[in-house]
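J.: Fold the following.
(2 chains)
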Amino acid sequence: MAENNAAPESVQVVNVPNTKRRGSSMAKRNAIAGFLWTLPFTIGFIAFMLIPMFESAYMAFSKVTIDIQNHSYVKEWIGLKNFDYILNVDPNYKRTLLESLGNMGLQIVAVLIFSYFVAFLLNQEFKGRAFVRAVFFLPVILSSGILLNLDTNNSLLKGMTELIKESNNAASRITGVLEDVLASGNGRLSDLMQTIFDLVNSVYDIAIASGIQIIIFLSGLQTIPNSMYEASKMEGCTGWESFWKITFPMTSSLIIVNVVYSIIDFCTRSDNGVMSMVKAQMLQRMDYGLTSAMAWLYFACIAAIVGLVTFIISKWVYYYE
Amino acid sequence: MSKEKEIKLGTQMSYWERNRLSHGYLLRKSIRKWAISIFRAVLLFGLCFLIVQPLLNKLSVSFMEERDLYDSTIISIPRHFTTANYKLVTELIEYWKALINTTWVSLLSSILQIISCTMIGYGFARYKFPFKNFLFACVMLTIIIPPQTIMSSLYLHFQFFDFVDFFGIFKMITGKNITSVSLIGNGVAYFMLAATGMALRSGLYIFMLRQYFRGVPKELEEAAYVDGCGKIRTFIQIMLPDARPMLTSVFLFSLVWQWTDNFYSTLFFRKITLLTDHLGTIPEKLLQRSGTNTPPATAYGQMMTATGMLITIAPLLILYLFAQKGFVESLSQTGIKM
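T.: Residues are numbered from 1 along each chain as shown, chains lettered A, B, ... in the order given. Alright, predicted model coming up:
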C-alpha cells in the first residue's frame, strides 16, 4: 500500500517542482518579514511582560527580601500565606475590592448608555457639531492620569460646583421635589429610583469616563450604510423602529468592545481604590510579595468579570458580514 | 382638478398652502423637527457646560486671593484679582524646569512608541506567519492586564538590570546577576518599554494601527512590489504617507497621556523633575515653605492645586485647540471593530 501511495506523489513532485518551491519560499519570506516587523513586541513581551508575570506570580506566593550587598533580592516560598493575610487579616483589602467592583458594575452600565446616547446625538447633522464633539472629547485629555485623582479629591472645586447648582433655585427645587416624591417610601421601586437619581447626580463622572467609548460608538454608527435607512423609510419604518432594527444590531459588536474597554479603564484608573492601595503598599512598605498577591487577586477578579461579560454579551451580538 | 394641483406644485407655493394640501402633515412634521433640535441643543449645551465647568471653576479660583474663598458672596468672579497664585505655584512645582523635562520625556517616549507600534501593527495587519494569532492574543493580554500586576517585579527587574542576561532567565533560575545596573531613576527603563511596545497603553495603539492598516487596500502594496519595490521601502514610501492622519492621532494621544501620567513617572523617572511629580503634594510643599508647623488651610492648598493643574494642562489645551481634528476625526473614521 505504502509503495503504491508513494509512487504518484513522487511523480507529482517531479511534475511541478518549480512553482511549489517558489510558493513556499515566498510564504516563508513573508513569514520571516512578519516576524521581523513584530519582533520588538516579541522581545518586549517576553522580557517585560511574560517573565515579570511569572516572577510576580511567584512573588505572590513568597516573601521577598532585598539584599543590598549582592544587588539582588531573595524570594522565599511561603505558599498561600500572603493570600491568607490579605483575605483574613488585612482590614482594608477585601472591603476596597468589593466596593470598587460594585461601583464598577453601576458605572459601566451608565457609561454605556450615556456614550451610546451621545454618539447617537453627535452622529446627527446640526450646527456646531464639530465644536460639541471637541468638548465631549476634552475629558479624555483633561482627566487622564493624575489629574483625575486630584479633581476628585478637590473639595473646594466641588463646593463651588454645588454652589452654582444651588443658585439655579427654581430648577433644583422642582427636581428636588420630584426626587423626593419618586424616591420616598420603601420598596424595590424607590430603591431603584434612588439609584437612578444617584447616577444622574454623578453624570459628570460618567461624562468624563466615556470619551473613548463615544468615539468607538461614533465610528460604528458612521459605518452603517445610509441606504439601509432609506430602504426602511420607504417601507414605512419609523425612527424608533429603525433604531432598534438597524442601528442597534449593527453596532452591537461594538458594545462588547466598549464593555471590555470600560471595565479595563475603570480598573486601571489611578483613582481606583485597589490600584492606589497596591501602589501605596509597594512604595511605602516595600513588601513586594504581598503587593504582588494583592495585584494578582485583583487581576483574577477582573479577568473573570471580563470573560463572563464577554461570554454573555457575545450570545446576542449580531455580526453583519 | 388634478391638473390644477400639478401646476401649483410646479410653481412656488407658500408654506401654509403646502401645509393645507398635505392635510397638516407638513406643519406637524416641521414642529416635530424644531422641537427635536431645540431639545437636542438644550441637552448638548447642558452637557457641554457640565464638562467644561470644572475647567472654568479652576480658572476663576486661580485668580482669587485667599480671602475671596471664604467670602460667601463670591461664587466665581474674584473680587480681589491677583496673579500671585501663579507665581507661587510656578515656584513650588519648579514649573519651567519641569515643563522642559516633561516636554522632552513625553516627546521622546511618544516618538519611540509610535515607531514601534506602527511597525508592530503593520506586521500584524499585513503578514501571515506562524503563531500570529497567538502573538496578537498576547497584545490583547497586555491591554487587559493592569500594569500594576507586574509592576513590583518589573520594578525589581529594572532596579537590578542586566544587559548580558537581557531577559532575566539566568537570574530567574539561579537568583544571581551577571552584571547589574539600576535603570530606575533616569527613565532609560521606560524608554526601553516604549521602544518595545510595552509602555503606557501601547497595546491600544498597536490595536488601533493594526485596524487601520487592515483597512488599506492591498493592491497599493502589490503594485509597488510588482514594480520592484522592497518591503521596507514600500512601507516607508507607500504606507506611511497615507497613514499620516492616523499616526498623528496616535502620536497626540500618546503625548497627552504620557504628559499627565503619574504611575510610570513615579516609578521610572525619580531623578527627573516632571510636571506631575509635585502636583499631588502642593499642600505639603506650602507647609515646608512656610517653615511653621501649622499646615495651610485646606481651601488654600486646594486653590494652589487647582492653579497647578491649570498650568500643567495649559500646553495640552493649546495643543488640543490646534490639533483637535487630529484627535477626533481620524479616530472616528478608522472604524474600530472586533
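J.: Quick check: B:Pro283 touching B:Met303?
T.: No: under the criterion of C-beta atoms under 8 Å, B:Pro283 lies out of contact with B:Met303, with a separation of 10.3 Å. (C-beta placed from N, C-alpha, C; glycine too.)
J.: So between those two, which is more surrounded?
T.: Neighbours of B:Pro283 and B:Met303, each counted by other C-beta atoms under 10 Å in any protein chain shown, are more numerous for B:Met303; the result is 26 against 17.
J.: On the pLDDT front, check the more buried one for me.
T.: In this prediction, B:Met303 carries a pLDDT score of 87.
J.: Distance of it relative to chain A?
T.: Applying C-beta to the nearest C-beta, to the nearest Å, one obtains 6 Å for the distance of B:Met303 from chain A.
J.: Report the separation between that residue and B:Leu43.
T.: Shown here: B:Met303 relative to B:Leu43, a distance of 32 Å by C-beta to C-beta, to the nearest Å.
J.: In what element of secondary structure is A:Glu66 found?
T.: Careful, residue A:66 is Ile; it's not Glu. Using DSSP states H and E, A:Ile66 sits in strand A:62-67.
J.: by contact count, what packs against that strand?
T.: The contact analysis (3 or more C-beta pairs under 8 Å, 6 or more residues apart in numbering or on different chains; DSSP states H and E) places strand A:62-67 against strand A:72-77, helix A:81-84, helix A:288-314.
J.: Identify, out of those, the most deeply packed stretch.
T.: Among the helices and strands packed on strand A:62-67, ranked by average contacts under mean count of other C-beta atoms under 10 Å in any protein chain shown, first place goes to helix A:288-314 (a mean of 19).
J.: Quick check: which helices or strands does that helix pack against?
T.: When contacts are defined as 3+ C-beta pairs under 8 Å, 6+ apart, helix A:288-314 sits against helix A:51-60, strand A:62-67, helix A:81-84, helix A:93-122, helix A:252-268, helix A:273-280, helix B:132-144, helix B:147-159.
J.: Let me know which of these is tucked in deepest.
T.: Counting by mean count of other C-beta under 10 Å, the most buried of these turns out to be helix B:147-159, with a mean of 24.
J.: hmm, back to that, distance to B:Phe268 and mean pLDDT added to the helices and strands packed on helix A:288-314, as TSV?
T.: What follows is the helices and strands packed on helix A:288-314, written out as TSV (distance: least, C-beta to C-beta, whole Å; pLDDT from 0 to 100):
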stretch	distance to B:Phe268	mean pLDDT
helix A:51-60	14	84
strand A:62-67	18	78
helix A:81-84	25	84
helix A:93-122	26	89
helix A:252-268	17	85
helix A:273-280	13	79
helix B:132-144	17	87
helix B:147-159	7	77
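J.: Save the ones you listed as a markdown table, and put in distance to A:Leu308 too.
T.: Formatted as a markdown table, the entries for the helices and strands packed on helix A:288-314 read as follows, by distance: least, C-beta to C-beta, whole Å:
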| stretch | distance to A:Leu308 |
| --- | --- |
| helix A:51-60 | 22 |
| strand A:62-67 | 30 |
| helix A:81-84 | 22 |
| helix A:93-122 | 12 |
| helix A:252-268 | 11 |
| helix A:273-280 | 19 |
| helix B:132-144 | 14 |
| helix B:147-159 | 19 |
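J.: Just give me the residue closest to the centre of chain B.
T.: Centre of chain B computed as the mean C-alpha position; nearest residue by C-alpha atoms, centre = their mean is B:Phe253, 3.7 Å away.
J.: so how far is A:Ala303 from A:Arg95?
T.: From A:Arg95 to A:Ala303 the distance is 21 Å (C-beta to C-beta).
J.: Run through the chain and note the low-pLDDT ranges.
T.: Using chain A. Low-confidence regions of chain A, defined by pLDDT under 70, span residues A:1-24, A:68-72, A:165-175, A:183-187, A:270-271, A:320-321.
J.: I was thinking of chain B, sorry if that wasn't clear
T.: In chain B, residues with pLDDT under 70: B:1-11, B:164-165, B:168-179, B:328-338.
J.: Which parts of it belong to which domain?
T.: Domain assignment for chain B, taken from automatic domain parsing, gives B:2-62, B:93-277.
J.: So for A:Arg29, which of those sits nearest?
T.: Each of the domains of chain B was checked against A:Arg29 via C-beta to C-beta, and the shortest separation belongs to domain B:93-277, namely 8.8 Å.
J.: if you look at stretch B:62-82, does any of it touch chain A?
T.: Yes: among the residues of stretch B:62-82, B:Leu69, B:Ile75, B:Ser76 lie within reach of chain A under C-beta under 8 Å from any C-beta of the partner chain.
J.: show me what contacts the first one?
T.: So the one you mean is B:Leu69. The contact partners of B:Leu69, taken as C-beta atoms under 8 Å, 6 or more residues apart in numbering or on different chains, are A:Leu156, B:Val61, B:Ala299, B:Tyr300, B:Met303.
J.: Quick check: which element contains it?
T.: Secondary structure assigned from DSSP H and E places B:Leu69 in helix B:66-70.
J.: got the buried residues for that helix?
T.: Of the residues in helix B:66-70, those buried under the neighbour-count criterion (16 or more other C-beta atoms under 10 Å in any protein chain shown) are B:Glu66, B:Asp68, B:Leu69.
J.: between those, which is nearest chain A?
T.: Closest approach between the buried residues of helix B:66-70 and chain A, by C-beta to the nearest C-beta: B:Leu69, at 7.1 Å.
J.: Please list all residues in contact with A:Gly273.
T.: Taking C-beta under 8 Å, 6+ apart as the criterion, A:Gly273 is in contact with A:Thr96, A:Leu97, A:Glu99, A:Ser100.
J.: what's the span of stretch B:260-277, first residue to last?
T.: Taking C-alpha to C-alpha, to the nearest Å, the span from the opening residue of stretch B:260-277 to its closing residue is 10 Å.
J.: coming back round to it: ok, and does the following helix or strand past the helix holding B:Leu69 reach over to chain A?
T.: Going down the chain from helix B:66-70, the next helix or strand is helix B:84-92, by DSSP H and E. No: when contact is scored as C-beta under 8 Å from any C-beta, no part of helix B:84-92 falls within range of chain A; the minimum is 12.6 Å.
J.: helices or strands up against helix B:84-92?
T.: Contact here means 3+ C-beta pairs under 8 Å, 6+ apart; on that basis helix B:84-92 packs against helix B:282-290, helix B:298-334.
J.: Nothing else from me, thank you.
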